[in-house]
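Novice: everything below, folded, please.
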Amino acid sequence: MIIILITSGGIRRKSLQDFFRFCCLMTKFRQECESLGLNDFPTAERLQWHGLAPGVPDWSKTSRFVAFTLVDSVKREIYIAFNSSHLPAIVSLPERPGYRWEPLVDTSKPAPFDFLSSDLSDRDIAVKQYAHFLDANLYPMLSYSSIILLLSPVEGA
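Specialist: The predicted structure follows:
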C-alpha cells in the first residue's frame, strides 16, 4: 500500500519513502541487537547513563539531553543520545581504548544519510565528515535530534 500526502506544495511521496526506509532500517537494527530486546530493564553491567559528558547524566528538570550506552553481545556497545533542546550540543563520548565510535543514525541528517546502512553509497564520505570530531571522541548534535553510534575496533590497534 502506498500512502500519498497531498499538501499545498504538491505530492510528498519521496518523504514517505524516506520515512518508510528509515523505519525499516530501525526495525531491522532493533531485531539485530539482543540488548534492545530484553525482557527486563538492563542492569548496571549492561547500561550506563550519560549526559553531555560520559557517566554524568543530568536528571534536573531543565535538562534536555540524555544518553546511554548498552553493552550488546552482537553489536559490542551502542551509544544512544537524545537532544530535545532548541540548542545544538557537542557530546563527549565514553572513552573505549582500541575502539572508536561510528555514526549509524543521526535524525538531523536528510535521507538517506539519517541512517548510514552498510549498503549506502557514499557512506564512507558521510562518516569522514565527522572524523575530526570522532578522533577527539566528540559528536555534534543538532537541536531536536537523536543519534545512535556503534563501537568499532580501531584498525591497527
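
Novice: average pLDDT across the longest helix seen in the chain?
Specialist: In the chain, assigned by DSSP state H, the helix with the most residues is helix 13-32. Per-residue pLDDT values over helix 13-32 give a mean of 89.

Novice: cool, stretch 137-145 as well?
Specialist: pLDDT averaged over stretch 137-145 gives 96.

Novice: before we move on, the earlier item: and the helix or strand following the longest helix of the chain, what does it pack against?
Specialist: Counting by DSSP states H and E, the element after helix 13-32 in chain order, helix or strand, is strand 47-50. When contacts are defined as 3 or more C-beta pairs under 8 Å, 6 or more residues apart in numbering; DSSP states H and E, strand 47-50 sits against strand 65-72. For every residue, glycine as well, the C-beta is placed using N, CA and C.

Novice: same for the strand it packs on, what does it pack against?
Specialist: Counting contacts by 3+ C-beta pairs under 8 Å, 6+ apart, strand 65-72 is packed against strand 47-50, strand 76-83, strand 89-92.

Novice: what sits up against the longest one?
Specialist: Contact with strand 76-83 is made by 33, 35-36, 50, 64-72, 89, 91, 93-94, 96, 99, 101, 139, 141-152, as judged by C-beta atoms under 8 Å, 6 or more residues apart in numbering.
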